[in-house]
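S.K.: The following comprises the amino acid sequence and a computationally predicted model.
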Amino acid sequence: MVREHKKVERLMLFVEVAESLSFSRAAEALGVSRGYLSEQIRRLEMELGATLLIRSTRSVRLSEEGLSVYRHMSKVRGSLVDLERELAHSPEGFSGELRITAPVLFAERFLLDVCHEFQREHPQLRVHLDVSYTSHDLGRDRFDLAFRSTQAPPHNMVARSLWKYPAICCAAPEYLASYGQPTGLQQLAEHDCLLFAGHDRWSFKNGEVAVTGGMAVNDHRLLKQLAMEGRGIVRVAEYLVDRELADGRLVRLLQDEESDWRVIYMIYPPRLRESGKLKAFIGAVRQAMPTHR
C-alpha cells in the first residue's frame, strides 16, 4: 500500500514536470530540489516500465507514453482539487481555509486590511493570500478566488466586475518646472520616461506611443518613487498614486489622452457559487473598495 501511495505521489510530480516541460521550473513550483524531482521521475519510469520524458541537454518533451499518462493524471488532479474545494466550502461554513491570489500592488492597497479583519471576525478560518503577478490557473491550482485586471476573464470561471481604474501619466512638480509639461503625445519623446522593464510603448486612446528613458525597473512602486524624486514621467495605475496626486506631490498629465479604463475582476470556480465564506468575503471586499466606478 505504501508503495502505491508513493507511485501516486510520483505521478503528481510528473504532471507538474509535464506542464512546465522543465525540471527547474517544476521543482521551484513544488518547493523541492531539481535533483530530488529528477530522481522521482526516474523511479516512476522504472515502475511503469516506460519512458515518459525525452530529455536532451536543452529541452524536455513528452514521449507518447508520457502524453497518455499526463492526460489521465491531469484529470485525476483536477478531480482532487474539486473534491477538496467541495469539502472545504459549504453554504454556512466559516472554517478551514480561504485561498486568494491577487496582484501585488492591488493586494497591498485594498486587500490586506480586508483579509485581516475578515479573519478576525471568523477565527476558525485561515486566510491564505498569495500576491504575485502570476495568473494562476484556478482549474488546476488550489485557489478559491483570484483578483485580476483583464479584458478577457476565463470563460470557464465565474467572473464578477469589482472596480475600474485608468493607467495614467504623472510627474513631480519639480520635474515639470525644469523640463516643462507635455501637452500632446508627441512631446513625450522629448522627456525622460520611467519605464517598466520590457515595456517601451505606452497605450493611449488613439494608439500606442514609443517612449524612451534612462531607467527601466520591474517594480511599479520603485517607478513611483523615482517619479516623486523628480526623475521623469511615469505611467502607472491611478490607485497607486491617487494620494500623491491629491496632496500635490505628483501632477497628472495628458488626461484627455488616457485609454479605456481597466477592470479588476473577482474570478472563482462555478462550484463555489454557494460557498458561504466566499460570498461573505466578496461582500467585505466590495464594501471596502472606494466609491464604485
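M.R.: Nice, I can see it.
S.K.: which stretches of the stretch 151-293 of the chain have low pLDDT?
M.R.: Applying pLDDT under 70 to the stretch 151-293 of the chain flags residues 292-293.
S.K.: 80 instead?
M.R.: Applying pLDDT under 80 to the stretch 151-293 of the chain picks out residues 260, 291-293.
S.K.: what's the answer for the stretch 1-150 of the chain, then?
M.R.: Low-confidence segments of the stretch 1-150 of the chain (pLDDT under 80): 1-5, 57-58, 78-95, 137-141.
S.K.: distance of Leu129 from Ala102?
M.R.: According to CB to CB, to the nearest Å, Leu129 and Ala102 sit 7 Å apart. (C-beta placed from N, C-alpha, C; glycine too.)
S.K.: quick one: which of these two has more around it?
M.R.: Ala102 (25 against 16; other CB atoms under 10 Å).
S.K.: how long is stretch 197-216 from one end to the other?
M.R.: 5 Å (CA to CA, to the nearest Å).
S.K.: ok, and what's touching stretch 95-103?
M.R.: 88-89, 111, 115, 122, 124-134, 136, 141-149, 277-278, 281 (CB atoms under 8 Å, 6 or more residues apart in numbering).
S.K.: now stretch 234-245
M.R.: With CB under 8 Å, 6+ apart as the test, stretch 234-245 has contacts from 105-106, 109-110, 165-171, 193-194, 202, 220-221, 223-224, 226-228, 250-252, 262.
S.K.: Quick check: helices, which of these are part of them?
M.R.: For the contacts of stretch 234-245, the ones inside helices are 105-106, 220-221, 223-224, 226-228, with DSSP state H as the criterion.
S.K.: Let's see the PyMOL selection covering just the buried ones among the contacts of stretch 95-103.
M.R.: Filtering these down to the buried ones (16 or more other CB atoms under 10 Å) takes a single PyMOL command:
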select buried, resi 88+89+111+115+122+125+127+129+131+136+143+144+145+146+147+148+149+277+278+281
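S.K.: Show me how this structure divides into domains.
M.R.: 2-69, 89-160+264-288, 167-257 (automatic domain parsing).
S.K.: quick one, which of these is nearest to Ser79?
M.R.: Across the domains of the chain, Ser79 has its closest neighbour in domain 89-160+264-288 (11.2 Å, CB to CB).
S.K.: to the chain's geometric centre, what's the distance from the closest one?
M.R.: Taking the mean of its C-alpha atoms, domain 89-160+264-288 sits 12 Å from the chain's own mean (CA atoms, centre = their mean, to the nearest Å).
S.K.: Could you report the neighbour count for Thr97?
M.R.: For residue 97 the amino acid is Glu, not Thr. Counted with other CB under 10 Å, Glu97 comes out at 13.
S.K.: Check which helix or strand it maps to.
M.R.: If you go by DSSP states H and E, Glu97 is part of strand 96-102.
S.K.: tell me which element Phe281 falls in.
M.R.: Per DSSP H and E: helix 276-288 holds Phe281.
S.K.: residues of that helix that come out buried?
M.R.: Using 16+ other CB under 10 Å as the test for burial, helix 276-288 gives 277-278, 280-282, 285.
S.K.: Which pair of the residues you listed spans the longest distance?
M.R.: Going by CB to CB, the pair spanning the buried residues of helix 276-288 furthest: Lys277 and Val285, at 12.6 Å.
S.K.: returning to that earlier point: quick one: strands adjacent to the strand holding Glu97?
M.R.: Strand pairing for strand 96-102, determined by DSSP bridges: strand 125-131 (parallel), strand 145-149 (parallel).
S.K.: Take those strands and write them to TSV, including distance to Val32.
M.R.: Output for the strands paired with strand 96-102, formatted as TSV (distance: least, CB to CB, whole Å):
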stretch	distance to Val32
strand 125-131	19
strand 145-149	25
